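Participant: Sequence and predicted model, in that order:
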Amino acid sequence: MRSHTRQEGAVLFVALIMLLVFTLLAISGVNSSVGSLRIAGNMQSQAEVGSAAQRALEQVLDQPANFQFASDSVPPAKTLTITSAGVDYTVTVTLHCLGANPVEGYSASFAASAPNDSYWDVRASAIDPRTGASAVAHQGVRVTLSPGQVCPT
């Protein structure tokens, strides 16, 4: 009879240990899921803010007037508000002229009255107001300038 009584306590002890192991596994699974959810959310925020920066670049590039200057002063930065999925992103777009050359086919004697091909680096930087995620998009572009227009440096 004594050996039978000892076994009853052992079964209870083993059951408690198994319950503890299953509880730890469940907690570990929940923590892993929460971490994965945070990673996915951060990736989504990064993609959305990158899309807003790209849309701002496209808006600036679609307007040739943004590249036409009569003086050699540095163009001011443009601040655009891009709305995506109900969120307003503030995007700052800067234009930097890398240089200009007379259009091919014009002789040196017409250089002053020849149109110029100008080369620009257009940079858009956006910040997500909810998460603080940021993105920067660059685009190079060549713009033909009319005579009298300059490439500000």
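Facilitator: Perfect, I can see it now. Residues are numbered from 1 along each chain as shown.
Participant: helices and strands around the longest strand along the chain, which ones?
Facilitator: In the chain, assigned by DSSP state E, the strand with the most residues is strand 87-102. Judged by 3 or more Cβ pairs under 8 Å, 6 or more residues apart in numbering; DSSP states H and E, strand 87-102 is in contact with helix 2-61, strand 78-84, strand 116-127. Every residue, glycine included, has its C-beta placed from N, CA and C.
Participant: Mind putting these into JSON lines with mean pLDDT and distance to residue 149?
Facilitator: Below are the helices and strands packed on strand 87-102 laid out as JSON lines (pLDDT from 0 to 100; distance: least, Cβ to Cβ, whole Å):
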{"stretch": "helix 2-61", "mean pLDDT": "88", "distance to residue 149": "17"}
{"stretch": "strand 78-84", "mean pLDDT": "91", "distance to residue 149": "18"}
{"stretch": "strand 116-127", "mean pLDDT": "92", "distance to residue 149": "7"}
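Participant: Please identify the most buried of the ones you listed.
Facilitator: Stretch with highest mean neighbour count among these: strand 116-127 (a mean of 20; mean count of other Cβ atoms under 10 Å).
Participant: what angle separates the helix or strand following it from strand 87-102?
Facilitator: Sequence-wise, the next helix or strand downstream of strand 116-127 (DSSP states H and E) is strand 134-145. For strand 134-145 against strand 87-102, the angle by axes from the mean of the first three to the mean of the last three Cα atoms, to 10 degrees is 30 degrees.
Participant: Fine, thanks again, bye for now.
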